[in-house]
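Asker: 3D model of this:
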Amino acid sequence: MAESESQKQMAEFKGKKRLGDFLFEAKLISHDQLTRALAEQKRLGKKLGETLITLRIISEQVLTEALSNNLGYPFVDLSSTALEPDIVMAIPETLAKKQCAIPVSLENKTLTVAMVDPLDYECLRDLGFASGFRIQPVIATRKDILEAIDRYYNLNTSVESIVQETAQDYDESLLQIIPEISPNAADAQSLEERSRLAPVIRLANLIMTKAIRQRASDIHIEPSQRDFRVRYRIDGLLKEDLRLPKWIQGALISRMKILGKLDIAERRMPQDGAVRVRSDTREIDLRLSTLPTQYGEKMVIRVLDQGRMVVSLDTLGISPRNLAMLRSLMKRKQGIILVTGPTGSGKTTTLYSMIHAMRDEVTNIITVEDPIEYSLDGISQVQVNAAIGLTFASCLRSILRQDPNVILIGEIRDLETAEIAFRAAMTGHLVFTTVHTNDAPSTITRLVDLGVPRYLVGSLVMGVIAQRLVRCVCPRCKTVMPPPVESLVSLKIPVDSVKDVPFYYGKGCAHCSYLGYHGRTGMYEVMEMTPRLRELVAAGADEQDLRSTALASKMSSLGEDGLAKVKEGITTIEELLRVIEIREDLQTFCVKCGKSIHIDFQVCPYCSNAVTHHCHACGKPLQPEWIICPYCRHRVGGAVPPSALPKPRPA
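Answerer: Numbers count the residues shown, from 1 in each chain. Prediction:
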């Protein structure tokens, strides 16, 4: 099979003209120029295209445009194209440099390779043999290919060699680091000198570059008693990447501190800093935070890609029903809209996407944040600085004198900030903000606990958006698997009710680093305040009453939204169980219509189908794995519909 494919590809490329013949027939070079170039090529042993450019017979730009336009090969601008490191490794570095070629993408066993000369059959044959894939050439300039080879293959620089080089450059007396030593001028000078050594700089650059390439949101540099490790948070989960000797720890942390303009002599107090770097023509903001621990300073670096900061609301994973409610809330002229969820649940992305959608020339939008994560054009953004007294509350007082239409507050943390935010909403402003709660109804309770009067909460809160992030099944290795029985049982979902529902899982491939997941999407719970909900808030109703009323109107719970994404093949039940707790509010599917319903329901409210998981004798709800009813001791021989249940005895 592989041999026939190779023969087919050989015949295909042998039928194409050689580069010299093509350029001559296209009247881009003369016969004399071609003869001279061939002679020079034979003498130097270089490729013809490179020889033509060296002799200045033809420019690289003209050669690239001619091959692309006349032969139909696509042109790829490698300076602005991000490549997957795992795909790049399909071709060894030595061969890539020899043939001046670099892989761009891989799909259906066809490896797309950027080349200078796509008509070079011998090159295509060597690349196909080395990679084991069918080669599809595209065109790129030699300069871009060489720069890409240098940029991407250096990611695989041996950490051991860097560590060894670091050890050679260090004096033995400097290798021991004692965390409890009080910092002084000599220590600071020694650390600074060591942090400027070339191996340490290379190691720091390697750590940051790998984090950016692997789409990490955070870098964790964590010390232990005998060594320290580097972990990346990718798609919400930490993954250990490096474990390094203890004696490099101080120099590496100091190098990072210098980049973030922190005090390298201060190791007893937490510090925060920031630095902006450029990678693959993209600007990346790195937010540094240090924390003194038992075995030295721990550093966490937040990676903020300015090129991927704002996405459309349509691409966040919001269901059409929730999206319609969200757009309805955004049209309000005044009031408060709250986004809630734990740290790292995507609240900032949702807020920025909403603000981005509302931005126009007639709307004055001002934000007050701590910190400003992404810069938005056309929006006034204020950075909180508590050290000089610039707090959320003081900023808001001044913002109200700036004639804003829309105000974004990074977070309501105390009563003072909450009072000013509600005062702004009372005076004709639309306020967006966040509160740390688990779901939408509990946000109301949180505001009341802060001290905001119930009548203000009930009248000014327009809606609450609760959200979580779940990993998506990798689209390149996505496959249908049998239903996960254990996970279904833990959710109290009968296996028979989902026998026709396909469950998708990722087998693992280079694209997803063999994890089966790639990227994340959001799950949302949008609670729009209705007149009935406002009455309950003012009357002092608890969270359960608020949740029941909201579910009875328009709100779909986080669990329901998550299960819908499982049915669509976007994520998995295991991922859903990892992120949220859904056992209490959503526990089964309707066999007929597939809607998510509560375990206690005897009839599906969507299609009136009888639910078949109740005891035949007493009518009590049963769990799928039970073999006997715990209420009446009746042996469960198969659930029956409610119509077949015995009539209750008269009192």
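Asker: Quick check: which element contains residue 102?
Answerer: Assigned by DSSP states H and E, residue 102 belongs to strand 101-107.
Asker: give the contact list for residue 409.
Answerer: Residue 409 makes contact with 367, 368, 392, 396, 417, 421, 431, 432, 433, 434 under the criterion C-beta atoms under 8 Å, 6 or more residues apart in numbering. Yep, even glycine has a C-beta here, placed from its N, CA and C like the rest.
Asker: Now the phi/psi pair for the fourth one, please.
Answerer: Residue 396 adopts backbone torsions of phi -60, psi -40, taken as degrees, to the nearest 10.
Asker: start at 48 instead
Answerer: That works, and once the first residue is 48, the last one we named lands at residue 443.
Asker: what's the closest non-adjacent residue to it?
Answerer: In space, and not counting its chain neighbours, residue 443 is closest to residue 467: 4.3 Å by C-beta to C-beta, 6 or more residues apart in numbering.
Asker: didn't the one you found look like it was pressed against residue 441?
Answerer: No. Residue 467 is beyond contact range of residue 441, at 9.3 Å (criterion: C-beta atoms under 8 Å).
Asker: Of the two, give the one with the bigger neighbour count.
Answerer: A side-by-side neighbour count of residue 467 and residue 441, using other C-beta atoms under 10 Å, places residue 467 first with 22 against 18.
Asker: before we move on, what SS does the more buried one have?
Answerer: Three-state secondary structure (criterion: DSSP: H, G, I helix; E, B strand; the rest coil) places residue 467 in helix.
Asker: where's residue 103 relative to residue 526, distance?
Answerer: Per C-beta to C-beta, to the nearest Å, residue 103 is found 54 Å from residue 526.
Asker: residues making contact with stretch 66-80?
Answerer: Counting by C-beta under 8 Å, 6+ apart, residues outside stretch 66-80 touching it are 64, 81, 84-85, 95-96, 99, 104-105, 109-110, 113-114, 117-118, 164, 166-167.
Asker: Likewise for stretch 677-684?
Answerer: 662, 663, 664, 665, 667, 669, 673, 674, 675, 676.
Asker: Mind listing what's buried along stretch 247-255?
Answerer: Within stretch 247-255, the residues that count as buried by 16 or more other C-beta atoms under 10 Å are 247, 248, 249, 250, 251, 253, 254, 255.
Asker: rewinding a little: of all the contacts of residue 456, the one with the weakest confidence?
Answerer: Least confident entry in the contacts of residue 456, by pLDDT: residue 439, with 80.
Asker: pretty sure that residue is in contact with residue 460, am I right?
Answerer: Yes. Applying C-beta under 8 Å, one finds residue 439 in contact with residue 460, separated by 7.0 Å.
Asker: if I look at the residue lying closest to residue 406 once chain neighbours are set aside, how far off is residue 446?
Answerer: Nearest-residue entry for residue 406: residue 425, 5.5 Å, with adjacent residues in sequence omitted and distances by C-beta to C-beta, 6+ apart. Here residue 425 is placed at a distance of 16 Å from residue 446 (C-beta to C-beta).
Asker: Among these two, which residue is more densely surrounded?
Answerer: For residue 425 versus residue 446, the count of surrounding residues by other C-beta under 10 Å is larger for residue 446: 20 against 12.
Asker: Surely that one and residue 415 touch.
Answerer: Yes. Under the criterion of C-beta under 8 Å, residue 446 makes contact with residue 415 at 6.5 Å.
Asker: and for those two, which residues touch both?
Answerer: 429, 454.
Asker: after the helix or strand of the chain with the lowest mean pLDDT, next one along is what?
Answerer: Lowest mean confidence among the helices and strands of the chain (mean pLDDT, DSSP states H and E): helix 49-61, at a mean of 48. Helices and strands here follow DSSP H and E; after helix 49-61, the next one along the chain is helix 66-72.
Asker: Please state the offset of that following helix from the chain centre?
Answerer: Offset of helix 66-72 from its chain centre (C-alpha atoms, centre = their mean, to the nearest Å): 47 Å.
Asker: Following element in sequence after that helix, please.
Answerer: helix 78-91.
Asker: hang on, the earlier thing: and residue 103 and residue 526? which has more neighbours close in?
Answerer: Counted by other C-beta under 10 Å, residue 103 and residue 526 do not tie: residue 526 has more neighbours, with 13 against 7.
Asker: Now that one. Its backbone dihedrals?
Answerer: Per-residue torsions, residue 526: phi -150, psi 160 (degrees, to the nearest 10).
Asker: residues in contact with it?
Answerer: Residues counted as contacts of residue 526 (C-beta under 8 Å, 6+ apart) are 551, 552, 553, 554.
Asker: for stretch 282-298, which positions count as buried?
Answerer: In stretch 282-298, counting by 16+ other C-beta under 10 Å, buried: 282, 283, 288, 289, 291, 293, 294, 295, 296, 297, 298.
Asker: from the chain's centre, how far out does it sit?
Answerer: Centroid separation for stretch 282-298 versus its chain: 21 Å, with C-alpha atoms, centre = their mean.
Asker: end-to-end on it?
Answerer: Using C-alpha to C-alpha, to the nearest Å, the end-to-end distance of stretch 282-298 comes to 29 Å.
Asker: I'd like the next helix or strand past whichever helix in the chain runs longest.
Answerer: Looking across the chain with DSSP state H, the single longest helix is helix 245-260. Remark: after helix 245-260, the chain's next helix or strand is strand 263-270, criterion DSSP H and E.
Asker: What angle do helix 245-260 and that following strand make with each other?
Answerer: 140 degrees (axes from the mean of the first three to the mean of the last three C-alpha atoms, to 10 degrees).
Asker: Restricting to C-alpha, output strand 263-270 in PDB.
Answerer: Output of strand 263-270 as PDB, limited to C-alpha atoms (Å, rounded to 0.1, in the frame of the first residue of the first chain):
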ATOM      1  CA  ALA A 263      -0.100  27.500  28.100                       C
ATOM      2  CA  SER A 264      -2.000  30.000  30.200                       C
ATOM      3  CA  ASP A 265       0.400  29.900  33.100                       C
ATOM      4  CA  ILE A 266       4.000  28.900  33.900                       C
ATOM      5  CA  HIS A 267       4.700  27.500  37.400                       C
ATOM      6  CA  ILE A 268       8.300  27.500  38.700                       C
ATOM      7  CA  GLU A 269       8.000  25.500  41.900                       C
ATOM      8  CA  PRO A 270      10.900  24.800  44.300                       C
END
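Asker: Pull up the pairing partners for that strand, direction included.
Answerer: Partners of strand 263-270 in the sheet, by DSSP bridges, are strand 274-281 (antiparallel), strand 343-352 (antiparallel).
Asker: okay if I get the buried residues of stretch 247-255 as CSV plus pLDDT and distance to residue 582?
Answerer: Converted to CSV, these look like this (pLDDT from 0 to 100; distance: C-beta to C-beta, whole Å):
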residue, pLDDT, distance to residue 582
247, 79, 64
248, 80, 64
249, 80, 65
250, 84, 62
251, 86, 58
253, 82, 60
254, 87, 55
255, 87, 54
